[in-house]
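**Student:** Got a predicted structure here, sequence first:
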Amino acid sequence: MRESPYPMISVEAAIHIILQHVAPLQPMRMNFVDAWGLVLAEDVYAAEAMPPFAASAVDGYAVIAADPSPIRRVIGAQPAGAMGTLIVTPGSAVHVMTGAPLPAGADAVVMIEHTSLEGDGYVRLHTQPDAGDNVRPIGQDVAAGQLVLSRGTVLGAAEVGLLATIGKTHIAVYPRPRVAVFSTGDELVDPHEPLKPGQIRDANRYSLLSAVREAGGQPLDWGRIPDRAEAVQEALESALREADAVLTSGGVSMGELDLIKPYLAERGTIHFGRVRARPGKPVTFATVNGVPVFAMPGFPVSALVSFEVYVRPALLKMAGHTHLHRPRQRVILEHAVRHEPDRTEFQRAVVTHHPDGRYTAHTTGYQGSGRLLSMVGANALLVLPAEQEMFPVGSEVEAWLIAPVREEEAPANS
């Protein structure tokens, strides 16, 4: 029986090794409109105060707060978008719109709902304002020179809007990692093809391409590669030239046609070739001229779970993120769970948060490495440590949350 030359290492050791050998990509400058979802690679400061002028926060009348007169003569209107020449004096008021500059002399705005027109060109105030009422002062939102976004910030809708507010149209960001994905195996056919005896459809490539996209990467479909050494080598070499990382499935076990590991060992450095985990024992991580290569097992669940555990944190780091790992939560098992205690196992599960604060979990049924249905609908991976075979109902285990937790609603009469 052939023995693997690669020692089995722990899951924690494998993750540590990967994160030691990947680094954030070189930042690039781009238009802020295209930067949603990316990570800032610079601190961003406001060049000017926002608002840059004192502005009305409501539609109403700009007045002098200390003026006790309930009736004011309306000397004109101040629309938004232009600086007017009107000057408010005691006994006068200016009709202003929301966002309009506050006229000279005024220090408060009375909401239009608290006024009424009196005769021709006069307004009655039904409330006596205080200085500053309904006025947005200069720099209320952002001060000139203020740090508004720090390096490492993930750019969401609010952050993109803030960049627009301060006029920062080009920024330095970490790009999305380009990840070349291919699968190997003579038994594979494309999804649209009918199956012949001995064939299966290539699910791994498509699930891994989607997983790369979900992790914020840019997936590159490198196709389906036959089990021939020259074809595997050509695919790897072209992927190494074009991509920031390479992700393969199949060809990493101990069969005669498992060609990935030997070529990676020849071309670069294999940092580990086996992990004490189920599923995904033969998962392999290598670097070739600094490019990380993640070789996943051929079974669909093994490939996806291994991606979640090892590849996703690496892609996040390459994209400049600092929070790399999924949330962890202690959960209570709703039923007994058994597993082979020789390796750490990641079982797919559904976690529910109850009104009393408890988190409970049940698995998604048969946990075979080929049963992709066990991943469908799962929002967690239960981490079942080695050395313990049985986990009775009510046991507490760790769960890695890979999707939103299901919330159980309290009874209506509670």
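**Tutor:** Done, it's in. Numbering: from 1, shown residues only.
**Student:** and residue 351, how far is that from residue 262?
**Tutor:** Distance of residue 351 to residue 262, given as C-beta to C-beta, to the nearest Å: 41 Å. From N, CA and C alone the C-beta is placed, and that goes for glycine too.
**Student:** Look at the two and report which has more neighbours.
**Tutor:** residue 351 (24 against 14; other C-beta atoms under 10 Å).
**Student:** from memory that one sits against residue 381, does it?
**Tutor:** No. Judged on C-beta atoms under 8 Å, residue 351 makes no contact with residue 381 at a distance of 9.9 Å.
**Student:** Name the residues contacting each of the two.
**Tutor:** Shared between the contact lists of residue 351 and residue 381 (criterion: C-beta atoms under 8 Å, 6 or more residues apart in numbering) are residues residue 399.
**Student:** low pLDDT regions in the stretch 201-350 of the chain?
**Tutor:** Regions of the stretch 201-350 of the chain meeting the criterion pLDDT under 70 cover residues 252-258.
**Student:** likewise the stretch 51-200 of the chain?
**Tutor:** By pLDDT under 70, the stretch 51-200 of the chain has no low-scoring segment.
**Student:** what residues go with each domain of the protein?
**Tutor:** The chain resolves into domains spanning 8-25+176-318, 28-49+140-174, 55-136, 328-407 when parsed by automatic domain parsing.
**Student:** Would you mind finding the most buried of those?
**Tutor:** domain 8-25+176-318 (a mean of 19; mean count of other C-beta atoms under 10 Å).
**Student:** From start to finish, how long is that one in a straight line?
**Tutor:** One end of domain 8-25+176-318 to the other measures 26 Å (C-alpha to C-alpha, to the nearest Å).
**Student:** Show me the beta-bridge partners of residue 40.
**Tutor:** Per DSSP bridges, the residues bridged to residue 40 are residue 173.
**Student:** Next: residue 400.
**Tutor:** In this entry, residue 400 is beta-bridged to residue 328, residue 381, by DSSP bridges.
**Student:** Tell me the helices and strands packed up against the top strand by length along the chain.
**Tutor:** Counting by DSSP state E, the longest strand found in the chain is strand 344-353. For strand 344-353, the packing partners by 3 or more C-beta pairs under 8 Å, 6 or more residues apart in numbering; DSSP states H and E come out as strand 277-278, helix 300-306, strand 328-333, strand 359-363, strand 380-384, strand 396-401, strand 406-407.
**Student:** for the last one, packing partners?
**Tutor:** For strand 406-407, the elements it packs on are strand 344-353, judged by 3+ C-beta pairs under 8 Å, 6+ apart.
**Student:** Residue 74 and residue 219: what is the separation?
**Tutor:** For residue 74, the distance to residue 219 equals 62 Å [C-beta to C-beta].
**Student:** scratch that, residue 342
**Tutor:** Separation of residue 342 from residue 219 (C-beta to C-beta): 34 Å.
**Student:** Over to residue 403?
**Tutor:** Distance of residue 403 to residue 219, computed by C-beta to C-beta: 20 Å.
**Student:** and residue 291, what does it touch?
**Tutor:** Counting by C-beta under 8 Å, 6+ apart, residue 291 has contacts 240, 243-246.
**Student:** partners of residue 95 in the sheet?
**Tutor:** When bridges are called by DSSP bridges, residue 95 pairs up with residue 61, residue 77.
**Student:** Surely it touches residue 75?
**Tutor:** No. Between residue 95 and residue 75 no contact is recorded; they are 9.1 Å apart, counting by C-beta under 8 Å.
**Student:** before we move on, back to that, residue 132: which of the helices and strands packed on strand 344-353 is closest?
**Tutor:** For these, the distance to residue 132 is smallest for strand 406-407, at 42.8 Å, taking C-beta to C-beta.
**Student:** residues making contact with that closest one?
**Tutor:** Taking contacts as C-beta under 8 Å, 6+ apart, the residues outside strand 406-407 that touch it are 350-353, 379.
**Student:** Neighbouring strands of that strand in the sheet, and parallel or not?
**Tutor:** The partner list of strand 406-407 in its sheet, established with DSSP bridges, is strand 344-353 (parallel).
**Student:** what sits up against the strand it pairs with?
**Tutor:** When contacts are defined by C-beta under 8 Å, 6+ apart, strand 344-353 is touched by residues 10-11, 276-280, 301, 305, 309, 329, 331, 337, 339, 359-364, 367, 374-375, 377-386, 399-401, 405-408.
**Student:** circling back to that earlier point, save the helices and strands packed on strand 344-353 as JSON lines, and put in distance to residue 103 too.
**Tutor:** Output for the helices and strands packed on strand 344-353, formatted as JSON lines (distance: least, C-beta to C-beta, whole Å):
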{"stretch": "strand 277-278", "distance to residue 103": "70"}
{"stretch": "helix 300-306", "distance to residue 103": "63"}
{"stretch": "strand 328-333", "distance to residue 103": "57"}
{"stretch": "strand 359-363", "distance to residue 103": "58"}
{"stretch": "strand 380-384", "distance to residue 103": "60"}
{"stretch": "strand 396-401", "distance to residue 103": "55"}
{"stretch": "strand 406-407", "distance to residue 103": "51"}
